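>>> Sequence and predicted model, in that order:
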Amino acid sequence: MRVVLDANVFVSAALKPTSRLAQIIDLVTEGRIVLVLSQSILAELKRVFRYPKIRNELHLSAKEIDEALADIAQAAIITPGKLRISAIEDDPEDNRYLECAVEGQADFIISGDHHLTDLKVFRGIKIVDPATFLEIIGK
C-alpha cells in the first residue's frame, strides 16, 4: 500500500511520538506501508521542521533535521515532480500532494487539511484523515 503523508502528519507525529499519528510513521519504518514523496514535499518538510518553535520543541539542530529528512527520503519512493495539477484553488500549495500521489500511484493521501480531505477521492486515490486511515487498516 502506497501513501502520501501531509506535512502536518509528520510534524504532529514528531511532536507526539506516542500518538496515533506516530503509528502511521511506524508503519512506514516497519515496511508495512510504502511512503511516496516528492522533492516539493521534502522542501516543505524541511521548511516546516526548521520553524524555530518546532525545532526548539524537538531539540534538533538544522543538521539533525536534514539527516532525519534524508533518512525519510531514503525509505520513500520519490516521484519525478513533473505533473502539475490545479484542483485545489483555495490553497494551491496543497496540489503538491495530489501531484505526488498521482505520479507515485498512491492508494491514500493522509492529511488533516480540509482542503485535501474535502475532496475525499482524487483520481481513484482516497484522501483521509489519520484516524480514518488507521481504522481502515485495522490499527
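Good, I have the coordinates.
>>> which residues of the protein score low on pLDDT?
For the chain, applying pLDDT under 70 flags the ranges 139.
>>> what about the helices in this structure?
7-15, 20-29, 39-49, 52-58, 62-75, 95-103, 114-117, 130-136 (DSSP state H).
>>> Quick one: list the elements packing against the last one.
In terms of contacts (3 or more C-beta pairs under 8 Å, 6 or more residues apart in numbering; DSSP states H and E), helix 130-136 is packed against helix 20-29, strand 108-110. C-beta: built from backbone N, CA, C; applies to glycine.
>>> The last one pairs with which strands, parallel or anti?
What it means is strand 108-110. Partners of strand 108-110 in the sheet, by DSSP bridges, are strand 2-5 (parallel), strand 125-128 (parallel).
>>> winner for burial among these?
Burial of those is given as mean neighbour count (mean count of other C-beta atoms under 10 Å); strand 2-5 ranks first at a mean of 25.
>>> how far does stretch 28-38 sit from the chain's center?
For stretch 28-38, the distance from its own C-alpha centre to the chain's C-alpha centre is 10 Å (C-alpha atoms, centre = their mean, to the nearest Å).
>>> give me every residue that touches the closest residue to Ser86 other than its chain neighbours.
Nearest residue to Ser86, sequence neighbours excluded (C-beta to C-beta, 6 or more residues apart in numbering): Asn95, at 6.2 Å. Applying C-beta atoms under 8 Å, 6 or more residues apart in numbering to Asn95 gives the contacts Arg84, Ile85, Ser86, Ala87, Ile88.
>>> surely the first one meets Glu99?
Same thing as Arg84. Yes. Arg84 lies in contact with Glu99 (C-beta atoms under 8 Å); the separation is 6.6 Å.
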